[in-house]
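Novice: Fold the following for me, if possible:
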Amino acid sequence: MIRRQYARFIALGLTMTMTFGWGNRLGGATGLYTVVDEFGRGRYQVQPHQVFQDQSLPIGTVNFDPHALLIVLINTRRYFREYGDQDKVVQRSGVLGALGIQVSDVTQTLDFLIDVLLEDLTQARPLRLQNPDFLRQHFRVLGWQAYRPEGNRLPQLRLTKYAVFRHQGRRRPQGDYVHALYQIKDEWVADEFYKKYTKQDVLAGAFAPGRPDAHKVQPLVYLTRAGLEEALLQGTILVQFPDRTTGYFNVDRNNGIAFVPGVSPWEQQRYWYFREVDAIRGYGQTVESKIAIQPGVTLAGDVWNVGLGRVVLLEQGPGQWLLGVIADTGGAFSANLAQLDYLAGIFTNRQEFWTYNRRLPEYAAAYVLVKANKGLK
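Specialist: Numbering: from 1, shown residues only. The predicted structure follows:
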């Protein structure tokens, strides 16, 4: 079978890695869906057809890095298989559930994409997923209408971009490198002491030597304030040390305070604790389970209401479309049906990042693809 070729695919040098207790909340006879935030609280209601509608696939060229997409597809599917029973968030069918699309349809879609892409790559033949006629034949296509509860609807989704930034760092405080990324020590995780400290408390020295809870955390790396803010905003940072070694650091758990839209990132109260990891990581309930993701094919979005693993066809420009997977999220996507965030890559500075982003639109048409009940051809 095709999936037995996974080992062969790994041999090509590619890497595969792989509480909330809510169900879906529909409004009964009214047909309304209740949009929840990251804490499971109902925020507003929406008619599902105001967000997703069956549409025809647009005309154009479909572009993606096939190896990167395959890695993210495999790792996202693995998350469902290995952690889905423990994670109530990914068990939600969300807004799409009201249109008859269940989580089993999502995993079937991921399986189909993996099989098709792996077969085409291993047999060195044209990629069927870049053929619009193949997509039309095998997928249900749902146009995504940006919905905002304020009523001022956007014609298309807002497409923001995020990145991993390479920053200088130190193993010990030195000069301007005095802002630590903290890891919660394993024996103190269950204590949840960290939830009583805001970001501003930590910046003011809540874990300085001699403070009551300083022994419960471990400083991983010291950054400048700008580096710290970049790590907190993006979720992952690549740190380069003076001896030329590097390390990835990824968010692990937060203090339970919501991100507040419209407030400067530097003034937020939400704070993240980190762990050192071996790759860029996306969604997951623990740092060990977080999905290993790749730039160019990974999208961050509202996993609580749109859902993890949803496959999205996203407009890059006139007649140009990108195929990607929702495999990441963040506080800004809590109860947010009007935005996606595109993982652009690894950059050394903001200017390089902004220059790259000029090739991408600020607003984009988007479609969710779901495997139709047709055979593989």
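Novice: Listing request: residues of the protein with sub-threshold pLDDT.
Specialist: Under the criterion of pLDDT under 70, the regions of the chain flagged as low confidence span 1-30, 152-153, 374-377.
Novice: So what touches the helix ranked longest in it?
Specialist: Here the longest helix in the chain is taken by residue count, with DSSP state H as the criterion, and it is helix 103-122. Taking C-beta atoms under 8 Å, 6 or more residues apart in numbering as the criterion, the residues outside helix 103-122 that touch it are 2-3, 5-6, 8-9, 66-67, 69-70, 73-74, 76-77, 80, 84, 90-93, 126-129, 138-139, 307-311, 325, 369-371, 376. Just so you know, the C-beta spots here come from the backbone N, C-alpha and C atoms, and that holds for glycine as well.
Novice: Same check on stretch 139-150?
Specialist: When contacts are taken as C-beta under 8 Å, 6+ apart, the neighbours of stretch 139-150 outside the stretch itself are 35, 43-44, 46, 50-57, 96, 99, 101, 109, 135, 153-158, 312-313, 337-339, 365-372.
Novice: Buried subset of those residues as a ChimeraX selection?
Specialist: Taking 16 or more other C-beta atoms under 10 Å as the burial criterion, the selection of buried members of those in ChimeraX is written as:
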select :35,44,46,51,52,57,96,99,101,109,135,156,157,158,312,313,337,338,339,365,366,367,368,369,370,371
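Novice: Might you report the residue contacts of the spatially closest residue to residue 49 that is not a sequence neighbour?
Specialist: Closest residue in space to residue 49, ignoring its immediate chain neighbours: residue 99 at 7.5 Å, by C-beta to C-beta, 6 or more residues apart in numbering. Residues near residue 99 by C-beta under 8 Å, 6+ apart: 48-49, 52, 142.
Novice: how long is stretch 278-297 end to end?
Specialist: Using C-alpha to C-alpha, to the nearest Å, the end-to-end distance of stretch 278-297 comes out at 19 Å.
Novice: rewinding a little: filter the contacts of helix 103-122 down to the buried ones.
Specialist: 5, 9, 66, 69-70, 73-74, 76-77, 80, 84, 90-93, 127-129, 138-139, 307-311, 325, 369-371.
Novice: so residue 237 makes contact with residue 165?
Specialist: Yes - at 6.1 Å, residue 237 counts as touching residue 165 under the criterion of C-beta atoms under 8 Å.
Novice: any shared contact partners between those two?
Specialist: With contacts taken as C-beta under 8 Å, 6+ apart, residue 237 and residue 165 have 227, 230 as neighbours in common.
Novice: Just want to know which of the two has more residues nearby.
Specialist: residue 237 (25 against 22; other C-beta atoms under 10 Å).
Novice: Now, the contacts of helix 103-122 that are in strands?
Specialist: Under the assignment DSSP state E, these contribute 139, 311, 325, 369-371 to strands.
Novice: which SS state does the closest residue to residue 86 other than its chain neighbours fall under?
Specialist: Sequence neighbours aside, residue 285 is the residue nearest to residue 86 in space, at 7.3 Å (criterion: C-beta to C-beta, 6+ apart). Reduced to three states with DSSP: H, G, I helix; E, B strand; the rest coil, the structure at residue 285 is coil.
Novice: Residue 220 versus residue 285, what's the distance?
Specialist: 20 Å (C-beta to C-beta, to the nearest Å).
Novice: Repeat that for residue 137.
Specialist: Going from residue 137 to residue 220 by C-beta to C-beta gives 49 Å.
Novice: again, but for residue 360
Specialist: Plainly put, residue 360 is 32 Å away from residue 220 if you go by C-beta to C-beta.
Novice: same question, residue 305
Specialist: Residue 305 is 33 Å from residue 220, by C-beta to C-beta.
Novice: Between the two, tell me which one has more neighbours.
Specialist: Set residue 305 next to residue 220 and count neighbours by other C-beta under 10 Å: residue 305 wins out with 26 against 19.
Novice: so that one makes contact with residue 38?
Specialist: No - with contact defined as C-beta under 8 Å, residue 305 and residue 38 do not form a contacting pair (10.3 Å).
Novice: what sits in contact with each of these two?
Specialist: By C-beta under 8 Å, 6+ apart, residue 305 and residue 38 have these common neighbours: residue 335.
Novice: Residue 34: what secondary structure?
Specialist: At residue 34 the chain is in strand, as set by three-state DSSP.
Novice: what's the neighbour count on it?
Specialist: Residues lying near residue 34 (other C-beta under 10 Å) number 17.
Novice: For it, list each beta-bridge partner.
Specialist: For residue 34, the beta-bridge partners are residue 45 (DSSP bridges).
Novice: That one is in contact with residue 40, isn't it?
Specialist: No - distance between residue 34 and residue 40: 10.5 Å, which falls outside the contact criterion (C-beta under 8 Å).
Novice: For residue 197, grab the count of nearby residues.
Specialist: Residues contacting residue 197 under the criterion other C-beta under 10 Å number 19.
Novice: residues contacting it?
Specialist: Contacts for residue 197 (C-beta under 8 Å, 6+ apart) come out as 206, 213, 255, 271.
Novice: Spatially, which two of those residues are the most separated?
Specialist: Greatest spacing in the contacts of residue 197, by C-beta to C-beta: 213 and 271 (13.3 Å).
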